[in-house]
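> Below is the sequence, then the predicted model.
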Amino acid sequence: MSTAKKPAKKTPARKPAHDEDIHPLARPFLWLVSDGARKGFMYVVGFAALLSIGADFLVHRHSHFHFEEFKGFFAFFGFAAFAFVVLMGWPLRRLTGRSEDYYPESTEDD
Amino acid sequence: MTELLAAPINPAWAILLAGLIIAALPWHNVRKAVMLLAPAVALMFWLKMSAFGSFDQLSIDTLGAGLTTFRFDGLSRIWGLIFIIATFLNALYALHERDRLQDTMSVLYGGAAMAAVFAGDLITLFIFWEITAITSVFLIFRTGTAEARNAGMRYLVMHIGSGVLLLAGAILLHAQTGSWAFEHIGLEAGLAGWLILFGFGIKAAFPLLHSWLQDAYPKATISGAVVLSAFTTKMAIYALARGYAGTEMLIYVGAIMALFPVFFAVIENDLRRVLSFSINNQLGFMVVGIGVGTTMGINGAAAHAFADVLFKGLLFMSMGAVLLRTGTTKASELGGLFRSMPITAFFCLIGAGSISAFPFLSAFVTKALILAAVADEGHWIIWLILVFASAGVLEHAGIKIPYFSFFAHDSGRRVKEAPWNMLLAMGIAAFLCVFIGVNHRWLYALLPYASDYEPYTLGHIVGQMQLLLAAIFAFALLMRIGWYPSEKRMTILDIDWFWRKPGKALVHWLYAITARLWAYTMGGTRKALGNFSSLLSVMLSPDGNVSRTVPTGALAAWAVALLTLALLGVYMAG
């Protein structure tokens, strides 16, 4: 099984990103994509996740199953599930990924 | 006169009539006004209903029974309302489009789906079931590419086939019970039950019957995909809830549906196709609820279907706006669009948060019903699968859709913000997502069964926030260390590969053989024996003919022929 025959094309930037092209409503939020915010995001979310685990020691979660009572169950399960889904993308793409024109019908009628 | 006004009127008639009127209206503005007005009139009819019951009974002698075209009860009430809302949002979203055919078809499609939901018998259901197929396919055709036409034909084959199965099952069921009424069917009904289940299952995109969804929806027009996302699959969920509540098999079918699209959505590059996988995954949750079949399970399926029409419609609308402005929804081509489309980005984030079930957004109060129903019945493995799938939902619908289009690396595209009517439609959908999330009692009061479930306990919020925050942290971490599969332009194969590649080759081969055999026998027997060896070689090497086309249209023609036969059968039976 081969992966896509065509290498991914880098999209060339259409236009230089002139500041005046930016929507006025977007300007107050440009800091969201600054290098600092990008780097800090992981730590902020990580810290918030830790806090939510900590909340388990203060709040009683009504649980149906025994394993749910484990402190931080949803955090650990969520992290593992998310990582598993994403990492399975690599083998799945090797198995099912083909070039974009694999079905030769974009140019011809059936 | 006052008596006439007080009589119950099927809201679907308002939409269907409007569809017929706008088909004849050449004036863009008048047509659009009718499109916006029709759902308002339908809503008036819906609001006027003060009691449950079956109305509009018709007696057709050839069928040997009466038909009920308007049944208003706990189940059809909520579906009717969400279809009315969807019809309005679709009209608003497509306000700027000048396309009479598409306008007509999308309105008739919405009306037919509504009429199917209000149908009290299987014949009425079947008629509108087929009308949804025939009208909706134009929303795919209108893209105008060969790719869309072919996908539309594949779509039509499966959907007409779904109706044929429904009708065949209905006829069998009628032979057994002597009734056309659409009530609980279940697998107890034997072959009839299985046929109808498969008919419903095609439209609900059951595993292995699902490929039409991921194949056709991403190739539909901009507004077409929004319209499609609302009706067909949710109508099928309604039919399953009506006919197959408590069918245990559906628990497992639904769990598979919720699970497998999650993996494909990670690697899919076309964001509208990601959303199609997401439809499939959300339907899985609803099918599980129906399979559990308790009042909580059915309530969960109904509530989640209601919420899904809104947040999935919203997500499709935002991707449609991106497609309109940039010409693509390929993740590898997008990024950074919030700089030029901040309002669309904001509404998209609300849709993403809603489907991911953040507290105070819609899915938090609807999906919880299904999970609670599953847990109450002690299905711990199914419950774990659904929680797992919820993390997957956050991945593809909650993060991937908004992140790769509006944030991520800047593609350098500086486009205009979406037109005002699209923004308004998105805004209303976003408002309703928040409204349901906050006023869950309003939605719960519309559910088929009374519910005292309380989603806003501190424990539920803490558990859900743990899941979401830890999963978002996983995303940030995997991106940082470069383990996240980057967006790549490619085709991801699905189950339809079997009929689009080897299946198609086989059909071509058989066609070539038949054609040659035919020509040979027609040509007479003059050199029959002498040419036997060359005949064999001609038969087995249809080289030139492989490239010749057997239209998928021929398959559709076959399906329609079968359908006609089935219809004749009904009249014979009568």
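Great, that's in hand.

> neighbours of the spatially closest residue to A:Phe65 that is not a sequence neighbour, just the number please.
Spatially, and ignoring its direct neighbours in sequence, A:Phe65 is nearest to B:Trp380 (5.2 Å; CB to CB, 6 or more residues apart in numbering or on different chains). C-betas here are computed from N, CA, C, even on glycine. By the measure other CB atoms under 10 Å in any protein chain shown, the count of residues near B:Trp380 is 15.

> what's the answer for B:Ala24, then?
Neighbour count for B:Ala24, taken as other CB under 10 Å: 9.

> hang on, the earlier thing: please determine how far the residue nearest to A:Phe65 is located from B:Asn299.
21 Å (CB to CB, to the nearest Å).

> thinking again about what came up before, residues contacting the residue nearest to A:Phe65?
Contacts of B:Trp380 were listed using CB atoms under 8 Å, 6 or more residues apart in numbering or on different chains, and they are A:His64, A:Phe65, A:Phe67.

> repeat for B:Gly53
By CB under 8 Å, 6+ apart, B:Gly53 lies in contact with B:Pro8, B:Arg71, B:Phe72, B:Asp73.

> go on, B:Thr135?
Applying CB under 8 Å, 6+ apart, one finds that B:Thr135 lies in contact with B:Met105, B:Ser106, B:Leu108, B:Tyr109, B:Ala112.

> Identify the residue nearest the first one in space, chain neighbours excluded?
Spatially, and ignoring its direct neighbours in sequence, B:Met105 is nearest to B:Phe138 (4.1 Å; CB to CB, 6+ apart).

> Sticking with the one you found, tell me its helix or strand.
Assigned by DSSP states H and E, B:Phe138 belongs to helix B:122-141.

> and that helix, how far out from the chain's middle?
A distance of 12 Å separates the centroid of the chain from that of helix B:122-141, by CA atoms, centre = their mean, to the nearest Å.

> likewise stretch B:104-118?
Centroid displacement of stretch B:104-118 relative to its chain, using CA atoms, centre = their mean, is 13 Å.

> Which helix in chain A has the most residues?
Criterion DSSP state H: the longest helix present in chain A is helix A:35-55.

> For it, name the packing helices and strands.
The helices and strands touching helix A:35-55, judged by 3 or more CB pairs under 8 Å, 6 or more residues apart in numbering or on different chains; DSSP states H and E, are helix A:73-87, helix B:458-480.

> buried sites along the helix or strand where B:Ala519 lies?
Element membership for B:Ala519 (DSSP H and E) is helix B:502-522. For helix B:502-522, burial by neighbour count (16 or more other CB atoms under 10 Å in any protein chain shown) applies to B:Lys504, B:His508, B:Trp509, B:Tyr511, B:Ala512, B:Tyr520.

> Show the secondary-structure elements that it is packed against.
Against helix B:502-522 (3+ CB pairs under 8 Å, 6+ apart) you get helix B:532-540, helix B:543-546.

> export the contacts of B:Thr135 to TSV and tack on neighbour count?
Listed next are the contacts of B:Thr135 as TSV, based on neighbours: other CB atoms under 10 Å in any protein chain shown:
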residue	neighbour count
B:Met105	23
B:Ser106	33
B:Leu108	23
B:Tyr109	29
B:Ala112	26
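
> Could you look up the SS state of the residue of the stretch 401-550 of chain B found nearest chain A?
Residue of the stretch 401-550 of chain B nearest chain A, by CB to the nearest CB: B:Gly412 (3.0 Å). Secondary structure for B:Gly412, judged by DSSP: H, G, I helix; E, B strand; the rest coil, is coil.

> tell me which residues in stretch B:477-489 are buried?
So, applying 16+ other CB under 10 Å, buried residues of stretch B:477-489: B:Leu477, B:Leu478, B:Met479, B:Tyr484, B:Pro485, B:Glu487, B:Lys488, B:Arg489.

> could you redo those residues as CSV and give each row pLDDT and distance to B:Ala38?
Output for the buried residues of stretch B:477-489, formatted as CSV (pLDDT from 0 to 100; distance: CB to CB, whole Å):
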residue, pLDDT, distance to B:Ala38
B:Leu477, 94, 50
B:Leu478, 93, 47
B:Met479, 91, 46
B:Tyr484, 87, 45
B:Pro485, 85, 45
B:Glu487, 76, 40
B:Lys488, 76, 44
B:Arg489, 79, 41
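
> Chain A next: which of those residues are close?
By CB under 8 Å from any CB of the partner chain, the members of the buried residues of stretch B:477-489 lying near chain A are B:Leu477, B:Leu478, B:Tyr484, B:Pro485, B:Glu487, B:Lys488, B:Arg489.

> can you name the two of the residues you listed that are farthest apart?
Farthest-apart pair in those is B:Leu477 and B:Arg489; separation 25.9 Å (CB to CB).

> for chain B, which spans come out with low pLDDT?
Applying pLDDT under 70 to chain B flags residues B:1-6, B:59-65, B:523-574.

> just the strands in it please.
Using DSSP state E, the strands of chain B run over B:53-60, B:65-72, B:491-492.

> With respect to B:Ile222, which of those strands lies nearest?
It's strand B:491-492; of the strands of chain B, that one is closest to B:Ile222 (CB to CB) at 21.5 Å.

> Each with direction, which strands does the closest one pair with?
Applying DSSP bridges, strand B:491-492 is found paired with strand A:97-98 (antiparallel).
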